[in-house]
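> Fold the following for me, if possible:
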Amino acid sequence: MRPCDRAWRRGRPWGAAVLAALGSAEMLLLPFSGGPATVTVAGIVGGAGFSTSVPLLAASLMLLTHPQLHTPVGLVVLALALVALVTCNVGGLLVGSVLAGAGGVWGFAWLPPTAPGPDPDPAPDPDRECA
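Residues are numbered from 1 along each chain as shown. Next up is the predicted model:
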């Protein structure tokens, strides 16, 4: 990996965005999987699930593109994960909501890396005599 790519990646909450995107993708794809535990709902209720998971995916992409907004976007991701419990097949059978909720909390708590600077309180030199 190139150094400029590495620096760009370190300045963003990648883990939070990946967890939120995985939760959103799970909630989006679960009704189309056709498994025995899938609750397929058509009409307005099905649209409510779709209208919850798509903004969740958009918010996870915003964590990557606008890392300075990690606090409000992390809260939006967490709120959408909680709303998905009601609208998206019990939050994607709980897996999607747990992934998105963990991504929201991580995005909220993420701090950008700080540049190394001079030590504000340097340790005293033991060889130097006190006056």
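> Show me how far the helix or strand containing Ala21 is from its chain's centre.
Using DSSP states H and E, Ala21 sits in helix 14-33. The chain centre lies 10 Å from the centre of helix 14-33; the measure is Cα atoms, centre = their mean, to the nearest Å.
> do stretch 73-90 as well
12 Å.
> Now that stretch: buried residues?
73-74, 76-78, 80-81, 83-85, 87-90 (16 or more other Cβ atoms under 10 Å). Where C-beta positions appear, they are placed from N, C-alpha and C, glycine not excepted.
> Just the CA trace of that stretch, in CSV.
This file holds the C-alpha atoms of stretch 73-90, laid out as CSV (Å, rounded to 0.1, in the frame of the first residue of the first chain):
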residue,chain,number,x,y,z
VAL,A,73,-23.1,10.7,11.8
GLY,A,74,-22.3,8.1,14.4
LEU,A,75,-25.4,9.1,16.3
VAL,A,76,-27.5,8.9,13.1
VAL,A,77,-26.1,5.4,12.4
LEU,A,78,-27.0,4.3,15.9
ALA,A,79,-30.5,5.8,15.7
LEU,A,80,-31.1,4.1,12.3
ALA,A,81,-29.9,0.8,13.7
LEU,A,82,-32.5,1.1,16.5
VAL,A,83,-35.2,2.1,14.0
ALA,A,84,-34.3,-0.9,11.9
LEU,A,85,-35.3,-3.2,14.8
VAL,A,86,-38.9,-2.2,14.0
THR,A,87,-38.8,-1.8,10.3
CYS,A,88,-36.3,-4.3,8.9
ASN,A,89,-37.2,-7.9,9.9
VAL,A,90,-36.3,-7.3,13.5
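> Can you name the residues in contact with that stretch?
13, 16, 20, 23, 27, 30-31, 38-39, 41, 45, 48-49, 51-53, 55-56, 59-60, 62-63, 66, 91-92, 94, 96-98, 100-101, 103-110 (Cβ atoms under 8 Å, 6 or more residues apart in numbering).
> Since that was my last question, I'll sign off now.
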